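**Student:** here is my input, please return the structure:
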Amino acid sequence: MAGARPTVADLVKGDRGHTCGDDEPECVRLVAAARLPSRFGDYQVVAFENARDRRDHAAFVHGDVIDQESVPVRIHSECLTGDAIGSLRCDCRDQLIGSLRWIGQIDRGIVLYLRQEGRGIGFANKIRAYELQDDGADTVQANEMLGFHPDERDYAIAAHMLHSLRVRSVRILTNNPEKIADLRRHGVHVVDRIPLVVPPNDFDRPYLLTKQKRMGHLLDLEQSEEPAEGGGEGPVATPRSAE
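**Tutor:** Here you go, the predicted structure:
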C-alpha cells in the first residue's frame, strides 16, 4: 500500500545484498526478524550477522523505531555469568533486565545485545581475570595482567546495527561516557544519556567502585535510586531480590 511505513521485516529483505567496503573493520547485516513476546513486554528479535567474523548479534526492538528520533537504546555486552547464571560479581544482569523492563513499558526502544564477553576479552580470559581478582587484583589490573586494555570493546558494530535499523538519533541507557564517545565517533547521533542505577551488593561493590574511580563511569554508589537526567523518567535496574 502506498505510503505505508516500513517495517523491520522490510529492512531485512532490503539488507539481503548488503556489503561493506574492504576497508571497514566491521560489517553486519540483518538476516532475520520475528515477534518475541516476553515477560518484559512485546518485542521483535532481530538477528544480525557480522560478515567479518560470522559472529551473531541481536537487537530487541519494541515499538516503531524506524526513522525515529531520540530512541531509547541500551547497548548490552554479553555476560554469560551475569545474564544467564545471575552472578553477583557484576551488575550486568540487573542492567539488562532493567533496560528490557523499562523499554517494554514505553512507546519505543531498542536493546542491542553484542557478543563482547568480558569487556571484549572473551569468556575464558574473563574467568582468568576472575582468578586474578580472587587474589586481590581489581578488574582493570586483572585485564592488564593478562595483556589487555581495561576495556577491549568497540561499538562500531552497535553503530552499524543502529544505522541498519534507520534510527536517526538515540538516548543511550548507560553510565559509561566512553560508550557515548565511541558511538559518536562511529556516526551515531546521541542526544541524551539515561542513567542505569543498580544498588551495589557485598560482592560487586569493588567492581562498581573500579568502574567509578578508574574507568570514569558516572555512578553514585551512595544512592540506590536517582532520577534520570532531564526529568526523572529513566529506569532503575531491578534489584536482585525481585528476580
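**Student:** wait, residue 149 touches residue 142, no?
**Tutor:** No - Residue 149 is beyond contact range of residue 142, at 12.0 Å (criterion: C-beta atoms under 8 Å). Just so you know, the C-beta spots here come from the backbone N, C-alpha and C atoms, and that holds for glycine as well.
**Student:** which residues of this structure fall in helices?
**Tutor:** For the chain, applying DSSP state H gives helices covering 8-14, 92-103, 117-120, 123-134, 139-145, 156-164, 177-185, 205-215.
**Student:** of those, which approaches residue 71 most closely?
**Tutor:** helix 156-164 (8.4 Å; C-beta to C-beta).
**Student:** avg pLDDT for that closest one?
**Tutor:** For helix 156-164, mean pLDDT rounds to 92.
**Student:** let's see that helix as PDB, backbone CA atoms only.
**Tutor:** Taking C-alpha atoms only, helix 156-164 is exported to PDB below (Å, rounded to 0.1, in the frame of the first residue of the first chain):
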ATOM      1  CA  ALA A 156      31.400   0.100  15.600                       C
ATOM      2  CA  ILE A 157      29.000  -3.000  15.400                       C
ATOM      3  CA  ALA A 158      26.400  -1.300  17.500                       C
ATOM      4  CA  ALA A 159      26.600   1.900  15.400                       C
ATOM      5  CA  HIS A 160      26.200  -0.200  12.200                       C
ATOM      6  CA  MET A 161      23.200  -2.000  13.700                       C
ATOM      7  CA  LEU A 162      21.500   1.300  14.600                       C
ATOM      8  CA  HIS A 163      22.200   2.600  11.100                       C
ATOM      9  CA  SER A 164      20.700  -0.600   9.600                       C
END
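**Student:** more neighbours: residue 149 and residue 142, which one.
**Tutor:** Under the neighbour definition other C-beta atoms under 10 Å, residue 149 and residue 142 were set side by side, and residue 142 has more, 24 against 12.
**Student:** please tell me how far the more buried one sits from residue 95.
**Tutor:** For residue 142, the distance to residue 95 (C-beta to C-beta, to the nearest Å) stands at 21 Å.
**Student:** next one: residue 27
**Tutor:** Distance, residue 27 to residue 95, by C-beta to C-beta: 28 Å.
**Student:** so which of those two has more stuff around it?
**Tutor:** Comparing residue 27 with residue 95 by other C-beta under 10 Å, the one with more neighbours is residue 95, at 24 against 18.
**Student:** is it true that that one touches residue 196?
**Tutor:** Yes - shown here, residue 95 and residue 196 form a contact pair, counting by C-beta under 8 Å, at 5.0 Å.
**Student:** and residue 28, how far is that from residue 89?
**Tutor:** In terms of C-beta to C-beta, residue 28 sits 30 Å off from residue 89.
**Student:** what of residue 133?
**Tutor:** Computed as C-beta to C-beta, the residue 133 to residue 89 distance reads 8 Å.
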